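# All I have is the shape, not the residue letters:
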């Protein structure tokens, strides 16, 4: 749940900045997007490499304790959200259409981002509960090993695709 909280607090932090894009020069926004895209790609590749080169589940159980650090989970959720380029795309394409003429852009952006954060937090809480109930299957060493490798390949592939993307 701390991971969800970190991720949801990243959304309102990004929302006003991206929604207020009309007040920025187009080039600056492009530079910001490119920087965010490369940072997000590096993060995806790093996560994928961790998944690909992790120890087999049987060895992990002997050498690693489960992550129960609330601050660490919160930080991971926040970084995940701040480096997710889809969030920026969402705020620049979807939310601004709900800001009417004469409405304060910054305050309305914060409100819309907060509403979005609450909706996603509810969805993720439901998702966590479902996965917690199905956890027995996912903790089997063979299933876990396969999921780690598949996830690693997908994350590295997405990171490479993001770097190669032409604007």
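That came through, no problem. Computed from a predicted structure; not experimentally measured.
# only C-alpha atoms for contact and neighbour calcs from this point on.
Fine.
# In contact with residue 108, which residues are there?
For residue 108, the set of contacting residues under the criterion of Cα atoms under 8 Å, 6 or more residues apart in numbering consists of residue 99.
# any idea which helix or strand carries it?
Residue 108 is located in helix 105-133, with elements delineated by DSSP states H and E.
# what's the next secondary structure element after that helix?
Once the chain leaves helix 105-133, the following helix or strand, as judged by DSSP H and E, is helix 135-138.
# same question for that following helix, mean pLDDT?
Looking at helix 135-138 alone, the average pLDDT works out to 82.
# how about the next helix-or-strand element following that helix: buried residues?
On the C-terminal side of helix 135-138, the closest following helix or strand by DSSP H and E is helix 141-164. Within helix 141-164, the residues that qualify as buried are 141, 144-145, 148-149, 151-153, 155-160, 162-163, counting by 16 or more other Cα atoms under 10 Å.
# Next: stretch 94-104.
Buried residues in stretch 94-104, counted by 16+ other Cα under 10 Å: 95, 96, 99.
# Between the residues you listed, which sits nearest residue 128?
Nearest to residue 128 among the buried residues of stretch 94-104: residue 95, at 26.4 Å, using Cα to Cα.
# circling back: secondary structure and distance to residue 40 added to the buried residues of stretch 94-104, as a markdown table?
Listed next are the buried residues of stretch 94-104 as a markdown table, based on DSSP: H, G, I helix; E, B strand; the rest coil; distance: Cα to Cα, whole Å:
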| residue | secondary structure | distance to residue 40 |
| --- | --- | --- |
| 95 | helix | 21 |
| 96 | helix | 23 |
| 99 | coil | 28 |
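# tell me, how many neighbours does residue 34 end up with?
By other Cα atoms under 10 Å, 16 other residues sit near residue 34.
# Determine the number of other residues adjacent to residue 74.
Residues near residue 74, counting by other Cα under 10 Å, number 20.
# Hmm, I typed the wrong one, I wanted residue 132.
In terms of burial, residue 132 registers 11 neighbours under the definition other Cα under 10 Å.
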